[in-house]
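# here is my input, please return the structure:
(2 chains)
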Amino acid sequence: MSVFNEPHALDGLQNLDSQAIAAIYDQYFSEVYRYVRYRINDDSLAEDIASDVFMRLLEAAQKKQGPRSSLKGWLIATASHAVNDHLRKEYRRPVEALSDSLPDREPSVHSEVDSREQNRLVQSAYAQLTAEQQHVLALRFGQGYSIEETAVHLNKNINAVKALQFRALASLQRQIGEVNHE
Amino acid sequence: MNNLHEALEICLQDMEQGADLETVLFRYPDLAEELRPILEAVAGAKSLAVPAPSVEVVRRNRARVLHTAAQYAAQMRESGVKPTRRLWFAPLRRIAVTLAILTVLFVSGTGLVGASSNTLPGDNLYPVKRTWEGVRLLFTFKGLEREALEVEQENERLHELNELIKEGRSAEVDFNGLVTSQNGNEWVVAGVRVLVSSQTDIRDQGIVVGSPVEVRGLTQADGTVLAERIRLLSSDAKLPDVEDGHEPEAGNENNSGPGSGEEQPKVEETETPEFENENENSGHGNNSGSNENQNENENSNSNESSGTGNPNNESNENSDNENEGNESRNENSGEGSNKNENENENENNSGGSENSSSGGGESGEGD
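Numbering: from 1, shown residues only, chains lettered A, B, ... in the order given. Modelled structure (predicted):
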């Protein structure tokens, strides 16, 4: 497997070169998908949105408005916007709908049921956060980015990201508590 | 408050290294009460992380993305080179008008046509000249002969333009040629300096050095043409053989090369078919004429390969010189016999330039 050469891929992208686009896809699709899937608790929807991010990349390249430096930064930012657009359309989804959308698997042991229930609680609580709070948690704990890399993606200084991260986690904890009491 | 944010980040990094919750909180006894629920939430946040998509998901969307990319690439290529309509595809209406004018011309006597042959754009009889050219083209059916005539007429456009410039007259001209230089607002097309302004109508994107274009504009006293409109022509468009015809011929005149200066004016209209046959059959005909033409082509090739754009001024001067002495040559076939090789050369040039230039141009753009 050849090493991904980002400058070369960016050049190829400008000309809609199929090899360059295939290399970009292979390099980043999984990462984009995991980001979107972290933020949206729906496999097929996450797949559609992740795929749409790459369609937007092609459109941008065709209009000569594509990324010129950081492909990953562009793709994650576009994924974030796409998720926000989707969430705006589905403004304030009821919590029940989330539980309905969970895959219906046959519970085998109690621990698995507990785990799934806990995941549902966290998912519901996470859905109540602001888009920016969701974004920072997805980058830090979904993607596993460092505080420095997250700062680059958010275009903020590190201290601001630390504060945002703190508020997001505090808010998540509060929402988990509230969902637990419902 | 900043201490709390900083402590959280340090705790997160420690836990990332494998430390447990109690251990990391032990470092911050004053902040432990506030940090504990936050760090418990981290476990929840991490639990939402998902693994990489399945191979099936990756494969399915890969095919979709690459299919769309291929479509966009095809659209990009199509928009880059738009086929342009040529004169001989003119609509029936124009043919009807031409026939009507032809009838009038025959009735009023062909002397009018003769009188118009040396006119320039802006002259009263110039429309007669152009109409007569259209008529000649209309009744020329043989492929090679027709192409020769088209190239000859394109040469005539350049000749007229150079005459206008020499006389310092301002008139509307139109001509075809290869872009050999694009230096800011000053382009060089077929050896003519063309000024591009914000008023210039350039509908076709992707005009680069080497592109065949049609220029319409006004001649200026300083020897330039102020462009009103520039259109990209198709790669098979007929272009004047500016490099082939002008420079070496001027050289012949200046240097009095072996016989070549005298041979060209001798070529008469009636020889046109012979040159066409010569091209087709590679056989009989005026050997001296054909050799000379080959030499001209070689000259032009060496000029082009050594760098387009350098000899722009020279080519202007040369074409002036040529025009002084070779009025009758407009009707001869010497230039026409060059056309096939010229066209191949032009196509090759334009293709190569498009490829090399488009990449650079695109890579320079972006948001």
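# hey, let's count contacts and neighbours off CA atoms from now on
Noted.
# what's the local residue count around residue A:146?
Residue neighbour count, defined by other Cα atoms under 10 Å in any protein chain shown, stands at 13 for residue A:146.
# what does the one 10 residues further on give?
Burial of residue A:156, expressed as a neighbour count using other Cα under 10 Å, amounts to 12.
# repeat for the one 10 residues further on
Counted by other Cα under 10 Å, the residues lying close to residue A:166 total 23.
# touching whichever strand or helix holds it from outside, list them.
Taking DSSP states H and E as the definition, residue A:166 sits inside helix A:158-181. Taking Cα atoms under 8 Å, 6 or more residues apart in numbering or on different chains as the criterion, the residues outside helix A:158-181 that touch it are A:121-122, A:124-126, A:128-129, A:133-134, A:136-137, A:147-148, A:150-151, A:154, B:2, B:5-6, B:8-9, B:37-42, B:45.
# show me those residues that map onto strands.
Among these, no member is found in strands (DSSP state E).
# quick check on the residues you listed: which are buried?
A:121-122, A:124-126, A:128-129, A:133-134, A:136-137, A:147, A:150-151, A:154, B:5, B:8-9, B:38-39, B:41-42, B:45 (16 or more other Cα atoms under 10 Å in any protein chain shown).
# taking the residues you listed one by one, which sit in helices?
Under the assignment DSSP state H, the buried ones among the contacts of helix A:158-181 contribute A:121-122, A:124-126, A:133-134, A:136-137, A:147, A:150-151, A:154, B:5, B:8-9, B:38-39, B:41-42, B:45 to helices.
# give me the most central residue, chain A.
When chain A is reduced to its mean C-alpha position, the closest residue under Cα atoms, centre = their mean turns out to be residue A:35, at 2.5 Å.
# list the contacts for that residue?
Shown in contact with residue A:35 (Cα under 8 Å, 6+ apart): A:76, A:79, A:138, A:139, A:142, A:143.
# residue A:28 and residue A:72 touch, don't they?
Yes - applying Cα atoms under 8 Å, one finds residue A:28 in contact with residue A:72, separated by 7.1 Å.
# higher neighbour count, those two?
The residue with the greater number of neighbours, taking residue A:28 and residue A:72 and applying other Cα under 10 Å, is residue A:72; the counts read 18 against 15.
# how about the secondary structure of the more buried one?
helix (DSSP: H, G, I helix; E, B strand; the rest coil).
# what about it, distance to residue A:152?
When distance is defined by Cα to Cα, to the nearest Å, residue A:72 is 11 Å away from residue A:152.
# kindly report the same for residue A:85.
Relative to residue A:152, residue A:85 is positioned 22 Å away (Cα to Cα).
# circling back: centre of the chain to the helix holding residue A:166, how far?
Put simply, helix A:158-181 sits 17 Å off its chain's centre (Cα atoms, centre = their mean, to the nearest Å).
# buried residues in stretch B:66-80, which are they?
Residues of stretch B:66-80 classed as buried by neighbour count (16+ other Cα under 10 Å): B:66, B:68, B:69, B:70, B:72, B:73, B:80.
# hang on, I meant stretch B:153-167
Across stretch B:153-167, burial judged by 16+ other Cα under 10 Å covers B:153-165.
# could you single out the nearest of those residues to residue B:227?
Out of the buried residues of stretch B:153-167, the one with the shortest distance to residue B:227 is residue B:161. That distance is 13.0 Å, counting by Cα to Cα.
# you'd agree the closest one is in a helix?
Yes - secondary structure of residue B:161, determined by three-state DSSP: located in a helix.
# any idea how far chain A is from it?
According to Cα to the nearest Cα, to the nearest Å, residue B:161 stands 38 Å off from chain A.
# ok, and the closest non-adjacent residue to that residue?
Leaving aside its sequence neighbours, residue B:161 sits nearest to residue B:173 (Cα to Cα, 6 or more residues apart in numbering or on different chains; 6.8 Å).
# for that neighbour, give me the pLDDT.
Reported pLDDT at residue B:173 in the predicted model: 89.
# who are the neighbours in contact with it?
Contacts here follow Cα under 8 Å, 6+ apart; on that basis residue B:173 touches B:121, B:157, B:161, B:216, B:217, B:218, B:219.
# give me the angle between the helix or strand containing residue A:114 and helix A:158-181.
Assigned by DSSP H and E, residue A:114 belongs to helix A:110-127. Using axes from the mean of the first three to the mean of the last three Cα atoms, to 10 degrees, one finds that helix A:110-127 and helix A:158-181 are set 120 degrees apart in direction.
# is any part of helix A:110-127 close to chain B?
Yes - judged by Cα under 8 Å from any Cα of the partner chain, helix A:110-127 and chain B are in contact via A:119, A:122, A:123.
# before we move on, the earlier item: now, the contacts of residue A:35 that are in strands?
Short answer: the contacts of residue A:35 have none in strands (DSSP E).
# pretty sure residue A:62 sits against residue A:17.
No - the pair residue A:62 and residue A:17 does not pass the contact test of Cα under 8 Å, sitting 11.0 Å apart.
# assign residue B:63 to one of the three secondary structure states.
Counting by three-state DSSP, the three-state call for residue B:63 is helix.
# swap in residue B:226?
Secondary structure for residue B:226, judged by three-state DSSP, is strand.
# hang on, isn't it packed against residue B:198?
No - with the criterion set as Cα under 8 Å, residue B:226 and residue B:198 do not qualify as a contacting pair; they are 11.0 Å apart.
# how about residue 53, nearest residue that isn't a chain neighbour?
If you meant another chain, say so; for now it's chain A. Nearest-residue entry for residue A:53: residue A:79, 5.8 Å, with adjacent residues in sequence omitted and distances by Cα to Cα, 6+ apart.
# not what I meant, chain B
Closest residue in space to residue B:53, ignoring its immediate chain neighbours: residue A:30 at 6.1 Å, by Cα to Cα, 6+ apart.
# give me the distance from the helix or strand encompassing the one you found to the chain's centre.
Taking DSSP H and E as the criterion, residue A:30 maps to helix A:18-39. On the basis of Cα atoms, centre = their mean, helix A:18-39 is displaced by 12 Å from the centre of the chain it belongs to.
# what distance do you get for residue B:183 to residue A:140?
According to Cα to Cα, residue B:183 stands 50 Å off from residue A:140.
# ok, the residue nearest to residue B:53 - contacts?
If you count contacts by Cα under 8 Å, 6+ apart, residue A:30 has them with B:52, B:53, B:58.
# out of those, which comes closest to residue A:55?
Lowest distance from residue A:55 to those (Cα to Cα) belongs to residue B:58, with 14.4 Å.
# for burial, what's the neighbour tally of that closest one?
Residues near residue B:58, counting by other Cα under 10 Å, number 18.
# that one should be in a strand, yeah?
No - the assignment for residue B:58, made by three-state DSSP, is helix rather than a strand.
# re earlier: distance to residue B:100 and pLDDT added to the residues of helix A:110-127 next to chain B, as a markdown table?
Below are the residues of helix A:110-127 next to chain B laid out as a markdown table (distance: Cα to Cα, whole Å; pLDDT from 0 to 100):
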| residue | distance to residue B:100 | pLDDT |
| --- | --- | --- |
| A:119 | 87 | 86 |
| A:122 | 86 | 92 |
| A:123 | 82 | 92 |
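# perfect, I'm done here.
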